[in-house]
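Participant: Have a look at this prediction, sequence included:
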Amino acid sequence: MNYMELIEQRHSVRQYKDKMIEVEKRKELDSLCRFINKKAQMNIQILYDEPTCFDNILAHYGKFSGVKNYIALVGPKSKDLDEKAGYYGEMLVLKAQELGLNTCWVALTHGKSKAKVNRNEKQVLVIALGYGEHQGISHKSKKIDVDNNEPQWYLDGIKAAYLAPTAMNQQKFIIQKKNNEVSIVAKKGMYTKVDLGIVKYHFEVVSKHEVRNAI
């Protein structure tokens with residue numbers, strides 16, 4: 001399965017089955033997590049069999065149920081931490097999708113996570129993880145207004161970018177291309193820098209072209 005297929009099939013899921021993630025799948029996710037932390041100097045942690053983070057009023061308000069595994073996006077405080085959390089968090093999300101698991105980006109509707117956050121670090125948000133009760137549903141995206149005479153790699157990257165999950169499905173980003181160089185910038189809004197990281201990862205992994213202002 002290629003990345004575009006994973007992106008198209010992956011949807012946010014809030015209700016999860018009482019089913020443990022197998023050891024082999026944990027090993028694959030943990031291996032990718034270690035790679036990311038070393039490459040990006042992050043402290044992302046995957047917590048398995050830990051139900052307390054989503055066993056509270058906030059999680060119930062967010063319609064979450066059965067969440068016993070989650071990814072805590074933690075890293076050193078910096079101006080680009082939110083963007084890095086989005087970029088590398090989505091890398092883990094698509095790996096989970098490839099392994100037959102479901103996910104959901106969660107900003108506020110969860111309790112205190114069990115992740116270890118050092119004094120100079122910050123937890124940006126968490127990602128629910130596990131076997132969903134369903135596969136989720138797609139959300140309407142903005143119409144893509146791009147000249148079809150553009151190169152195929154760019155058209156593919158644009159399509160992948162507009163399928164990226166964003167906070168409240170707001171899609172507050174702008175993609176520009178000049179002399180085959182692509183830049184993506186975030187508009188103002190809640191968690192738009194996290195969204196920016198997700199969008200950049202989608203564009204790069206599908207188009208195989210690096211975004212000029214990539215992290």
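Facilitator: Good, I have the coordinates. Owing to the predicted nature of the structure, the values given are computational and were not obtained by experimental measurement. Numbers count the residues shown, from 1 in each chain.
Participant: what's the closest non-adjacent residue to residue 155?
Facilitator: Of all residues not flanking residue 155 in the chain, residue 146 sits nearest, at 6.4 Å (CB to CB, 6 or more residues apart in numbering). Glycine gets a C-beta too; all of them are placed from N, C-alpha and C.
Participant: Quick one: residues contacting the one you found.
Facilitator: 154, 155, 158 (CB atoms under 8 Å, 6 or more residues apart in numbering).
Participant: Kindly report the same for residue 209.
Facilitator: Going by CB under 8 Å, 6+ apart, residue 209 touches 153, 154, 157, 180, 182, 203.
Participant: Secondary structure element for the last one, which one?
Facilitator: Residue 203 is located in helix 192-207, with elements delineated by DSSP states H and E.
Participant: Relative to the whole chain's centre, how far out is that helix?
Facilitator: 9 Å (CA atoms, centre = their mean, to the nearest Å).
Participant: next one: stretch 19-34
Facilitator: For stretch 19-34, the distance to the chain centre is 17 Å (CA atoms, centre = their mean).
Participant: now swap in stretch 106-125 and tell me
Facilitator: 15 Å.
Participant: three-state assignment of the residue in the chain sticking out farthest from the centre?
Facilitator: Distance from the centre of the chain peaks at residue 149, with 30.3 Å (CA atoms, centre = their mean). Recorded secondary structure, residue 149: coil (DSSP: H, G, I helix; E, B strand; the rest coil).
Participant: again with residue 122
Facilitator: strand.
Participant: so it bridges to which residues?
Facilitator: Residue 122 forms beta bridges with residue 75, as assigned by DSSP bridges.
Participant: Return the residues in contact with it.
Facilitator: If you count contacts by CB under 8 Å, 6+ apart, residue 122 has them with 74, 75, 76, 77, 81.
Participant: Format these as TSV; extra columns: neighbour count, pLDDT and distance to residue 112.
Facilitator: Listed next are the contacts of residue 122 as TSV, based on neighbours: other CB atoms under 10 Å; pLDDT from 0 to 100; distance: CB to CB, whole Å:
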residue	neighbour count	pLDDT	distance to residue 112
74	23	98	13
75	25	98	18
76	13	98	20
77	9	98	19
81	21	98	20
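Participant: which of the contacts of residue 146 has the most neighbours?
Facilitator: Using other CB atoms under 10 Å as the neighbour test, the contacts of residue 146 are led by residue 158, with 21 neighbours.
Participant: Which element, helix or strand, includes that one?
Facilitator: helix 152-162.
Participant: what's that helix packed up against?
Facilitator: Where contact means 3 or more CB pairs under 8 Å, 6 or more residues apart in numbering; DSSP states H and E, helix 152-162 is packed against helix 3-9, strand 173-178, strand 181-186, helix 192-207.
Participant: next one: phi and psi at the residue nearest to the spatial centre of the chain?
Facilitator: Central residue of the chain (CA atoms, centre = their mean): residue 90, 3.0 Å from the mean position. Note on residue 90: its backbone torsions stand at phi -70, psi -30 [degrees, to the nearest 10].
Participant: With that, I have no additional questions.
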